[in-house]
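**Student:** Here's my sequence, what's the structure:
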Amino acid sequence: MNRVITEEEFKIFYEQTSTTLLAYLRRVTQDASLADDVFQEAYVRLLQRELRDRNPGAWKSYLFTSATNLLRDHWRRAKKSVRWEDVGTTQTATDVAEDDVVARSSIEKAFARLSPHQRSLLWLAYVEAYSHKEIAEMLNLRQKSVKVLLFRARKEFSGALRSMGIRKEEVL
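**Tutor:** Model (predicted):
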(Lines give C-alpha, C1' and ligand atoms only; values in the text may rest on other atoms or scores of the structure.)
Protein backbone atom coordinates (compact mmCIF):
# COMPACT_ATOMS: atom_id res chain seq x y z
CA MET A 1 0.00 0.00 0.00
CA ASN A 2 1.48 3.31 -1.08
CA ARG A 3 0.88 6.38 1.01
CA VAL A 4 2.01 9.96 1.31
CA ILE A 5 3.75 11.07 4.49
CA THR A 6 1.44 13.00 6.85
CA GLU A 7 2.18 16.52 8.06
CA GLU A 8 2.79 15.36 11.63
CA GLU A 9 5.12 12.55 10.48
CA PHE A 10 7.01 15.02 8.33
CA LYS A 11 7.47 17.50 11.19
CA ILE A 12 8.95 14.80 13.42
CA PHE A 13 11.09 13.41 10.60
CA TYR A 14 12.34 16.89 9.65
CA GLU A 15 13.36 17.63 13.26
CA GLN A 16 15.29 14.36 13.36
CA THR A 17 17.07 14.70 10.02
CA SER A 18 17.40 18.35 8.96
CA THR A 19 20.56 19.11 10.96
CA THR A 20 22.47 16.06 9.76
CA LEU A 21 21.41 16.44 6.13
CA LEU A 22 22.39 20.10 6.01
CA ALA A 23 25.73 19.38 7.70
CA TYR A 24 26.40 16.59 5.18
CA LEU A 25 25.57 18.84 2.23
CA ARG A 26 27.63 21.78 3.48
CA ARG A 27 30.69 19.60 4.08
CA VAL A 28 30.45 17.81 0.76
CA THR A 29 29.71 20.87 -1.37
CA GLN A 30 31.83 23.41 0.49
CA ASP A 31 29.16 25.87 -0.73
CA ALA A 32 26.42 26.97 1.70
CA SER A 33 24.13 28.30 -1.04
CA LEU A 34 24.27 25.11 -3.09
CA ALA A 35 23.82 23.03 0.06
CA ASP A 36 20.70 25.00 1.00
CA ASP A 37 19.20 24.57 -2.48
CA VAL A 38 19.83 20.83 -2.53
CA PHE A 39 18.57 20.52 1.06
CA GLN A 40 15.23 22.06 0.13
CA GLU A 41 14.87 20.09 -3.08
CA ALA A 42 15.61 16.78 -1.32
CA TYR A 43 12.77 17.38 1.14
CA VAL A 44 10.43 18.45 -1.67
CA ARG A 45 11.16 15.20 -3.48
CA LEU A 46 10.50 13.22 -0.31
CA LEU A 47 7.15 14.93 0.15
CA GLN A 48 6.15 14.30 -3.46
CA ARG A 49 6.99 10.62 -3.26
CA GLU A 50 4.54 7.94 -2.26
CA LEU A 51 6.30 6.00 0.48
CA ARG A 52 5.73 2.26 0.70
CA ASP A 53 7.71 1.82 3.88
CA ARG A 54 6.57 3.25 7.23
CA ASN A 55 10.12 3.11 8.53
CA PRO A 56 11.70 6.58 8.96
CA GLY A 57 15.09 4.91 8.42
CA ALA A 58 14.05 4.15 4.86
CA TRP A 59 12.86 7.75 4.46
CA LYS A 60 16.25 9.00 5.68
CA SER A 61 18.05 6.74 3.24
CA TYR A 62 15.84 8.04 0.42
CA LEU A 63 16.50 11.63 1.55
CA PHE A 64 20.30 11.24 1.51
CA THR A 65 20.20 9.34 -1.78
CA SER A 66 18.07 12.05 -3.33
CA ALA A 67 20.38 14.80 -2.04
CA THR A 68 23.46 12.97 -3.32
CA ASN A 69 21.86 12.48 -6.74
CA LEU A 70 20.92 16.16 -6.88
CA LEU A 71 24.54 17.07 -6.16
CA ARG A 72 25.80 14.65 -8.78
CA ASP A 73 23.43 16.19 -11.35
CA HIS A 74 24.54 19.70 -10.40
CA TRP A 75 28.23 18.84 -10.72
CA ARG A 76 27.71 17.12 -14.07
CA ARG A 77 26.05 20.27 -15.42
CA ALA A 78 28.71 22.57 -13.95
CA LYS A 79 31.74 20.41 -14.71
CA LYS A 80 32.43 22.09 -18.04
CA SER A 81 32.70 25.58 -16.60
CA VAL A 82 33.87 25.20 -12.99
CA ARG A 83 36.93 23.44 -11.64
CA TRP A 84 36.57 21.74 -8.23
CA GLU A 85 39.40 23.88 -6.85
CA ASP A 86 37.39 27.03 -7.61
CA VAL A 87 34.45 26.07 -5.39
CA GLY A 88 34.12 28.29 -2.29
CA THR A 89 34.63 27.18 1.29
CA THR A 90 32.06 26.77 4.03
CA GLN A 91 31.88 28.66 7.27
CA THR A 92 33.11 26.93 10.41
CA ALA A 93 30.56 25.65 12.91
CA THR A 94 29.45 28.27 15.43
CA ASP A 95 29.11 25.99 18.44
CA VAL A 96 32.81 25.15 18.75
CA ALA A 97 34.80 25.73 21.92
CA GLU A 98 37.65 28.21 21.46
CA ASP A 99 40.28 25.54 22.12
CA ASP A 100 38.94 23.47 19.22
CA VAL A 101 38.77 26.25 16.62
CA VAL A 102 42.31 25.83 15.28
CA ALA A 103 42.10 22.02 15.13
CA ARG A 104 38.63 22.13 13.54
CA SER A 105 39.76 24.70 11.00
CA SER A 106 42.74 22.56 10.01
CA ILE A 107 40.57 19.47 9.70
CA GLU A 108 38.04 21.37 7.59
CA LYS A 109 40.82 22.61 5.31
CA ALA A 110 42.13 19.07 4.89
CA PHE A 111 38.58 17.81 4.25
CA ALA A 112 38.11 20.53 1.63
CA ARG A 113 41.16 19.21 -0.25
CA LEU A 114 39.30 15.97 -0.96
CA SER A 115 37.11 15.51 -4.00
CA PRO A 116 33.36 15.88 -3.42
CA HIS A 117 33.00 12.15 -3.98
CA GLN A 118 35.57 11.37 -1.28
CA ARG A 119 33.89 13.83 1.10
CA SER A 120 30.55 12.11 0.48
CA LEU A 121 32.00 8.69 1.20
CA LEU A 122 33.71 9.74 4.42
CA TRP A 123 30.73 11.71 5.69
CA LEU A 124 28.20 8.96 5.03
CA ALA A 125 30.44 6.29 6.56
CA TYR A 126 31.87 8.03 9.60
CA VAL A 127 29.46 10.82 10.48
CA GLU A 128 26.14 9.31 9.44
CA ALA A 129 27.35 5.74 10.15
CA TYR A 130 25.78 4.18 7.08
CA SER A 131 26.83 0.66 6.16
CA HIS A 132 28.82 -0.05 3.01
CA LYS A 133 25.68 -1.50 1.45
CA GLU A 134 23.66 1.65 2.18
CA ILE A 135 26.44 3.91 0.87
CA ALA A 136 26.68 1.82 -2.29
CA GLU A 137 22.95 2.27 -2.89
CA MET A 138 23.08 6.01 -2.21
CA LEU A 139 26.09 6.70 -4.40
CA ASN A 140 25.20 4.19 -7.10
CA LEU A 141 28.29 2.04 -6.52
CA ARG A 142 28.99 -1.63 -6.01
CA GLN A 143 29.19 -2.59 -2.35
CA LYS A 144 32.72 -3.99 -2.73
CA SER A 145 33.86 -0.72 -4.32
CA VAL A 146 32.81 1.27 -1.25
CA LYS A 147 35.40 -0.42 0.95
CA VAL A 148 38.21 0.35 -1.49
CA LEU A 149 37.03 3.90 -2.13
CA LEU A 150 36.74 4.57 1.62
CA PHE A 151 40.27 3.27 2.12
CA ARG A 152 41.56 5.62 -0.58
CA ALA A 153 39.58 8.57 0.80
CA ARG A 154 40.93 7.95 4.32
CA LYS A 155 44.45 7.71 2.93
CA GLU A 156 44.00 10.97 0.99
CA PHE A 157 42.53 12.72 4.05
CA SER A 158 45.37 11.46 6.23
CA GLY A 159 47.90 12.72 3.69
CA ALA A 160 46.21 16.12 3.60
CA LEU A 161 46.38 16.32 7.40
CA ARG A 162 50.06 15.30 7.41
CA SER A 163 50.90 17.88 4.74
CA MET A 164 49.39 20.51 7.06
CA GLY A 165 51.62 19.28 9.89
CA ILE A 166 48.86 17.53 11.84
CA ARG A 167 49.73 14.20 13.41
CA LYS A 168 47.25 11.45 14.20
CA GLU A 169 47.60 12.02 17.96
CA GLU A 170 46.55 15.68 17.62
CA VAL A 171 43.29 14.75 15.89
CA LEU A 172 42.28 12.12 18.41
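
**Student:** Every contact and neighbour count from this point should use C-alpha atoms.
**Tutor:** OK.

**Student:** The residue nearest the centre of the chain: which element?
**Tutor:** Nearest to the geometric centre of the chain sits Y24, at 3.2 Å (C-alpha atoms, centre = their mean). Per DSSP states H and E: Y24 is located in helix 7-29.

**Student:** starting at the chain centroid, how far to that helix?
**Tutor:** 11 Å (C-alpha atoms, centre = their mean, to the nearest Å).

**Student:** Quick one: list the elements packing against the very next helix or strand once past that helix.
**Tutor:** Heading C-terminal from helix 7-29, the first helix or strand you meet, by DSSP H and E, is helix 32-48. Helices and strands touching helix 32-48, by 3 or more C-alpha pairs under 8 Å, 6 or more residues apart in numbering; DSSP states H and E, are helix 7-29, helix 56-78.

**Student:** Out of these, which is closest to L161?
**Tutor:** Smallest distance to L161 across those (C-alpha to C-alpha): 16.4 Å, for helix 7-29.

**Student:** Going by neighbour count, list what's buried in that closest one.
**Tutor:** Across helix 7-29, burial judged by 16 or more other C-alpha atoms under 10 Å covers F10, F13, L21, L22, A23, Y24, L25, R26, R27, V28, T29.
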